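Colleague: Starting from these lines, generate the structure:
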Amino acid sequence: MPLKSKKQAIYLKKNKPSVYKKLNKKPLYKPFNAPKSSKHKKKVYVMKKGKKKLIGFGLKGYKHNYSAKARQNYLKRSAGIRNKSGKLTKNDKNSANYWARRVLWNA
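Modeller: Numbering: from 1, shown residues only. Have a look, this model is predicted:
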């Protein structure tokens, strides 16, 4: 959520919406259902470069086909996804691809 001004940042520090208060108390590396206002199905907190980061995965608008053939195709396709530095993301706990494969597609 980009902040538009310093006043808005100060306001949010004092008056955080209850949804964000609840989200901040979630443990690391434990996926949970995203709030209704989110575009993602699930979210997870990870530790990235010494900071707690929220990663969303699985868009709500998509109707997933979880048949055996679709699962096999998705897992094969997503195994080749790489990050900006060229490393595979399928085994990187700090990537959305890792969590989508493990939680949504049972890899």
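
Colleague: CA only for contacts and neighbour counts going forward, please
Modeller: Will do.

Colleague: What average pLDDT does the helix ranked longest in the chain get?
Modeller: Longest helix in the chain by number of residues (criterion: DSSP state H): helix 68-78. Rounded to a whole number, the mean pLDDT of helix 68-78 is 94.

Colleague: Flag the shaky bits of this structure, pLDDT-wise.
Modeller: Scanning the chain for pLDDT under 70 picks out 1-4, 8-9, 12-24.

Colleague: got the residue ranges for the helices in it?
Modeller: 6-14, 18-24, 68-78, 96-99.

Colleague: wait, what's in contact with residue 101?
Modeller: Residues near residue 101 by Cα atoms under 8 Å, 6 or more residues apart in numbering: 75, 78, 90, 107.

Colleague: So which of these is the closest to residue 33?
Modeller: Each of those was scored against residue 33 by Cα to Cα, and residue 107 proved nearest at 18.8 Å.

Colleague: give me the number of residues near the closest one?
Modeller: The local packing of residue 107 (other Cα atoms under 10 Å) involves 13 other residues.

Colleague: repeat for residue 90
Modeller: Applying other Cα under 10 Å, I find that residue 90 has 23 neighbouring residues.

Colleague: Next up, the contacts around the closest residue to it other than its chain neighbours.
Modeller: What sits nearest to residue 90 in space, not counting adjacent residues and going by Cα to Cα, 6 or more residues apart in numbering, is residue 98, at 4.8 Å. Each residue near residue 98 by Cα under 8 Å, 6+ apart is listed here: 89-92.

Colleague: If you rank these by neighbours, which is first?
Modeller: residue 90 (23 neighbours).

Colleague: re earlier: take the contacts of residue 101 and lay them out in a markdown table including distance to residue 67.
Modeller: Below are the contacts of residue 101 laid out as a markdown table (distance: Cα to Cα, whole Å):
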| residue | distance to residue 67 |
| --- | --- |
| 75 | 12 |
| 78 | 16 |
| 90 | 21 |
| 107 | 13 |
